[in-house]
Structure formats: C-alpha cells, structure tokens
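1. any chance you can model this:
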Amino acid sequence: MIPRRYLLVSGTFLLSLLLYVDRTCISTAKDAVSRDLGLGKEQWAWVLAAFAFGYALFQTPGGALADRVGGRIVLTAVVTVWSVFTGLTAAAWNFASLLVVRFLFGAGEAGAFPGMAKVIYSWIPVRERGLVKGINFSGSRLGAALAMPLVAAMIAKFGWKQTFAVLMVVGFAWSLVWWWWFRDEPREHAGISPAELDYILQHRQAPATALAPTPLPLGAMLRSGNLWLMMVQYFGSNFTFFFSLSWLYPYVKSKYQLDAVDAGYYAMVPLLAGAAGNIFSGWLVDALYRNGRPALSRKLPAIAGFALAAVGMVMSVEQATAAGAVFWLSVAIFGADMTLSPSWSFCIDIGGPHAGAVSGTMNMAGNLGSAITALAFAYLPESSRGNVAFFHTAAGLSVMAMGCWLAADGRKPIAGK
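-> Numbers count the residues shown, from 1 in each chain. Just a heads-up that it's a prediction; the model follows:
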C-alpha cells in the first residue's frame with residue numbers, strides 16, 4: 001500500500017503546479033491581453049504588481065487561518081477562490097478592471113503555501129521535511145515552465161479568454177478531490193496504516209493536537225529577529241525569481257527577436273532549472289539534518305543558492321545571444337530556488353504550531369519583493385547594454401540575503417506570549 005503521506009505530497013505537488021500555471025499564464029498572454037485592452041509597458045507592470053500585492057498582503061491572515069482551522073478547509077477554499085478569479089480575468093474589459101481582478105486573484109492564492117506549511121507540520125516527519133518542501137516548490141516551477149509554451153499554444157488556438165476559463169475548471173476539480181480525500185490529522189484518515197501512523201506521530205514536530213489553540217500574537221512575531229531576517233532574505237529571493245514569472249518571457253521575446261512559441265521554450269528553461277534547484281536543495285537539507293547538522297542544513301543550501309543567484313543575474317545581462325542569457329538566468333533561478341526549502345523549513349522550525357502564520361509572514365515580505373520586481377523592471381533606467389540596473393539590483397539583494405542567513409539562529413523559536 002502506498003503510504004498516505006506520499007499521496008499527500010503528490011496532491012500538494014499538483015496544487016503547486018496548478019498554482020503556477022494559473023499565475024504564469026498572464027505573462028504568456030501579455031501581447032494578446034495588452035492588444036485587446038490597449039495597455040502599455042508601465043500599465044502592464046502594474047497588472048503584474050497588483051497580483052503580487054494582493055498575494056503578499058493576505059499571506060499572514062491566510063497562514064493564521066490555516067493554523068486555526070487546518071489545511072483541509074483553507075486549501076479547498078483558496079483554490080476555489082483563485083480559480084474563480086482566473087476565470088474572471090477573461091471578463092476584464094479595461095486596465096482598471098484587470099487590476100482589480102488580478103489583485104483579488106493574488107489575495108485568493110495567498111493561503112496556498114502557508115496552508116501547505118501547516119499540512120507538512122502535521123503530517124511529515126522532520127527528517128523528511130526538506131525534500132517534501134523541495135518537491136512542492138519544484139511543482140510550482142514545473143507548472144510555470146509548462147505554462148510558457150503550453151499556454152502560448154492554447155492562446156494561439158483558442159484565444160486568451162477561453163484559456164483562462166479552462167484553467168478555472170481544472171482548479172475546481174482539484175478542490176473537490178482535496179476536500180474528499182484529505183484530513184488535517186493523520187489519525188483521522190481512514191486509509192492510513194497503523195505502522196505509518198505510528199511513524200508519523202513519533203517523528204513529526206507537531207504535538208498530539210496539530211491545530212494551534214490560540215492565534216500567535218502579532219507582537220510575538222515582530223519581536224523575533226529570526227523572522228525579520230527570514231523576511232529580508234525572502235524578499236531578495238523573490239526579487240530574482242519573480243522576474244522569471246513576470247518579465248522573462250516578454251524580455252527574451254523582445255530582446256532576441258523570437259516568435260511566441262520559441263520564446264516560450266527559452267523562458268521555460270530557467271524554470272526547469274528552478275525545479276531542479278528545489279529538489280537538490282531539499283535533498284541537501286535532509287541529508288545534513290540526518291547527519292546531525294540541523295543549523296547547517298538550513299544555512300548552507302540558502303547561502304550557496306544566493307551566491308549562484310548573484311553571479312547568474314550579473315552574467316546574464318552581458319550575453320549577446322538568447323542561449324547565453326538563458327543559461328546564466330538558469331544558474332540564477334537554480335540558485336534562488338535553492339533558498340526555498342531551507343527558508344520554509346526554518347520558519348516551520350521556529351513557528352512550531354504557528355507554522356502557517358510565521359511562514360505566511362515571511363512569504364508576505366517575499367511577495368512584496370515580487371511586486372517591486374514587476375515595477376522595477378519597467379521603471380529602472382536602461383542603458384545601451386540593456387536592463388543592467390535591474391539585474392545588478394537583484395544581485396545586490398542576494399548578497400544581502402547571504403548576510404541574513406549568517407545571522408539566523410533556528411534554535412530560538414517564536415514564543416506565543
């Protein structure tokens with residue numbers, strides 16, 4: 001019999017994949033949407049930023065709600081809500097209506113990863129946590145990578161409005177299956193074997209009752225130096241990664257004079273590298289943890305990842321060909337995604353039963369970085385060599401993030417009082 005926690009990870013992997021297909025398809029649809037709605041480059045930047053602001057602002061509330069009521073209700077609800085707004089994107093008729101829909105779409109998605117953090121806290125043994133986080137985040141990168149050529153082809157055949165409607169229906173299907181199958185506590189799942197249940201309960205971090213009895217006070221989070229460090233470093237990580245979701249496709253298409261489908265294939269390569277970075281980092285986190293190096297298991301993958309991200313972003317802007325630029329951007333995204341598993345594992349470490357709220361707060365800061373990325377690429381000055389200021393800013397933030405990890409101390413959990 002397949003262990004039920006493996007099926008759980010498969011479900012959250014598919015959730016992550018779908019989340020990023022839905023999130024990325026707006027970038028692939030840029031030309032068609034901009035043409036139909038009459039949008040310029042700066043207006044498009046605000047469309048991308050509207051999603052990121054909505055996603056960021058509702059991270060902490062989404063995580064706190066998952067802590068209180070569990071991942072079954074929260075993940076079912078957030079996928080349903082964001083799927084509605086995926087469909088409603090096709091109903092936008094001008095710039096203002098698209099801004100509102102994309103902001104609400106981001107708000108709807110906000111509880112997804114904090115909700116998954118709560119699920120992992122309750123179901124996954126600590127020694128398996130790093131790889132599980134890596135698998136989940138690799139799903140998001142594979143989803144974004146698939147979206148680049150696949151959505152481009154769907155838009156060419158069916159139109160962008162019909163494509164968004166199809167994605168809405170897929171989201172509804174995932175929600176129904178999750179509600180039917182998942183239970184917040186392993187002991188409440190009818191299909192779990194006694195041996196697996198005993199293994200989970202003996203090796204997970206969660207106490208006998210996985211739901212937090214009371215919310216974590218905001219003041220307790222604000223007094224945590226560790227959480228502030230995680231927020232700053234995650235801002236830097238998302239600043240680099242969000243470029244691959246928002247501007248990478250139109251950037252390579254325009255700069256290197258590619259057609260829509262070819263640009264999609266080039267743009268998917270860094271995302272595939274990100275998926276590989278997540279898996280490798282998750283494996284490394286768990287390997288170091290099992291070898292008795294819990295602090296190093298968080299710090300080393302993150303610091304190495306940020307070093308690769310800084311080098312890749314600087315080198316990419318110097319390339320004269322699409323292949324050269326994409327190679328170095330793949331190095332950067334591989335590195336940026338190496339930081340995810342240690343970041344979320346660290347937040348679960350210090351958050352404990354409040355893992356949803358703590359990881360959601362970190363993700364809030366990270367997605368403010370995403371919003372700034374969407375605007376910075378459009379507004380930072382360009383030179384004769386291209387978007388040098390943007391790429392060097394991303395590299396500088398990665399260097400700063402390395403310092404955050406050197407100062408972080410996972411032995412100091414956030415107290416609830």
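
2. pLDDT on stretch 330-342, on average?
-> The average pLDDT within stretch 330-342 is 95.

3. and stretch 165-185, by the same measure?
-> Averaged over stretch 165-185, pLDDT sits at 94.

4. next one: stretch 375-384
-> 77.

5. please apply the same query to stretch 242-256.
-> Rounded mean pLDDT across stretch 242-256 is 85.

6. ok, and what's touching it?
-> 20, 23-24, 27-28, 30-31, 48, 52, 144, 148, 258-260, 263-264, 266-267, 270-271, 274, 321-322, 325-326, 329, 333, 369-370, 373-374, 377, 386-387, 390, 394 (C-beta atoms under 8 Å, 6 or more residues apart in numbering). C-betas here are computed from N, CA, C, even on glycine.

7. write a PyMOL command that selects only the buried members of these.
-> Selection of buried members from those for PyMOL, criterion 16 or more other C-beta atoms under 10 Å:
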select buried, resi 20+23+24+27+28+30+31+48+52+144+148+258+260+263+264+266+267+270+271+274+322+325+326+329+333+369+370+373+374+377+386+387+390+394
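
8. so who does L146 touch?
-> Neighbours of L146 in contact, by C-beta under 8 Å, 6+ apart: L17, V21, M268.

9. hmm, 10 Å instead?
-> Contact analysis of L146 by C-beta atoms under 10 Å, 6 or more residues apart in numbering lists L17, Y20, V21, T24, G264, M268, L271, L272.

10. dump those residues to TSV, plus secondary structure and distance to A165.
-> Shown next, in TSV, are those (DSSP: H, G, I helix; E, B strand; the rest coil; distance: C-beta to C-beta, whole Å):
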residue	secondary structure	distance to A165
L17	helix	19
Y20	helix	19
V21	helix	14
T24	helix	17
G264	helix	20
M268	helix	23
L271	helix	24
L272	helix	27
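
11. turn the residues you listed into JSON lines, including pLDDT.
-> Conversion of the contacts of L146 to JSON lines gives the following (pLDDT from 0 to 100):
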{"residue": "L17", "pLDDT": "89"}
{"residue": "Y20", "pLDDT": "82"}
{"residue": "V21", "pLDDT": "84"}
{"residue": "T24", "pLDDT": "77"}
{"residue": "G264", "pLDDT": "80"}
{"residue": "M268", "pLDDT": "86"}
{"residue": "L271", "pLDDT": "89"}
{"residue": "L272", "pLDDT": "91"}
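
12. need those in a markdown table (columns: distance to A408).
-> Formatted as a markdown table, these follow (distance: C-beta to C-beta, whole Å):
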| residue | distance to A408 |
| --- | --- |
| L17 | 30 |
| Y20 | 27 |
| V21 | 33 |
| T24 | 30 |
| G264 | 38 |
| M268 | 33 |
| L271 | 27 |
| L272 | 29 |
